[in-house]
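Colleague: Got a sequence here, can you build the structure:
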Amino acid sequence: MRDDGGVMGEHATYGGELVADCRLRAATDLFAHTWDPVVLAALHQGPRRRRALRAAIGGVSDKVLTEALRRLLGSGLIERRRYPEAPPRVEYGLTPLGRSFVDGPMTALARWTNEHGDELGEALGEFDSGVGPDENVRLA
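Modeller: This next block holds a predicted model:
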């Protein structure tokens, strides 16, 4: 990380060591929860009601979706709109900040994954097996 206010953000390092509360860490935490990027991707096409969002994602429990929605609301990446109808209707959608995150870092990561996903999978397979690229070297 740089401490000159450049790409990595101001005050990112102190004396050459990483600072735990730097902006880069805050941004990478957005990828820390498995379902958060999936929810953001599902909302990229436009606002959705909770049931439609869960159906679009598939494989996510109601509890996990609730937790993801709360985190994303708290981070300002999504918004919750309530419509005064009977029965009440609630939709979730991306905020401008959320759209910039999906269109920026998430899209870049998707491109990188498409380009290097096979290599990454092979490397992870080697790591998971405890054997490095040199089969005579065991990884502890």
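Colleague: The helix or strand containing Ala108: which residues count as buried?
Modeller: Using DSSP states H and E, the element containing Ala108 is helix 107-128. Within helix 107-128, no residue counts as buried by 16 or more other CB atoms under 10 Å. For every residue, glycine as well, the C-beta is placed using N, CA and C.
Colleague: tell me the mean pLDDT for it?
Modeller: The average of the pLDDT scores along helix 107-128 is 87.
Colleague: which helices and strands sit right next to that helix?
Modeller: Counting contacts by 3 or more CB pairs under 8 Å, 6 or more residues apart in numbering; DSSP states H and E, helix 107-128 packs against no other helix or strand.
Colleague: Can you show me the CA trace of it as CSV?
Modeller: The C-alpha coordinates for helix 107-128 follow below in CSV (Å, rounded to 0.1, in the frame of the first residue of the first chain):
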residue,chain,number,x,y,z
THR,A,107,-16.9,-6.2,-13.2
ALA,A,108,-13.0,-6.1,-13.2
LEU,A,109,-12.9,-9.1,-10.9
ALA,A,110,-15.3,-11.0,-13.2
ARG,A,111,-13.1,-10.2,-16.2
TRP,A,112,-10.0,-11.3,-14.4
THR,A,113,-11.8,-14.5,-13.2
ASN,A,114,-12.8,-15.3,-16.8
GLU,A,115,-9.3,-14.8,-17.9
HIS,A,116,-7.5,-16.6,-15.1
GLY,A,117,-10.1,-18.8,-13.5
ASP,A,118,-8.6,-22.1,-14.7
GLU,A,119,-5.2,-21.1,-13.5
LEU,A,120,-6.6,-20.1,-10.1
GLY,A,121,-8.6,-23.4,-9.9
GLU,A,122,-5.5,-25.4,-10.6
ALA,A,123,-3.4,-23.5,-8.1
LEU,A,124,-6.1,-23.8,-5.4
GLY,A,125,-6.3,-27.6,-6.1
GLU,A,126,-2.6,-27.8,-5.6
PHE,A,127,-2.8,-25.8,-2.4
ASP,A,128,-5.8,-27.8,-1.0
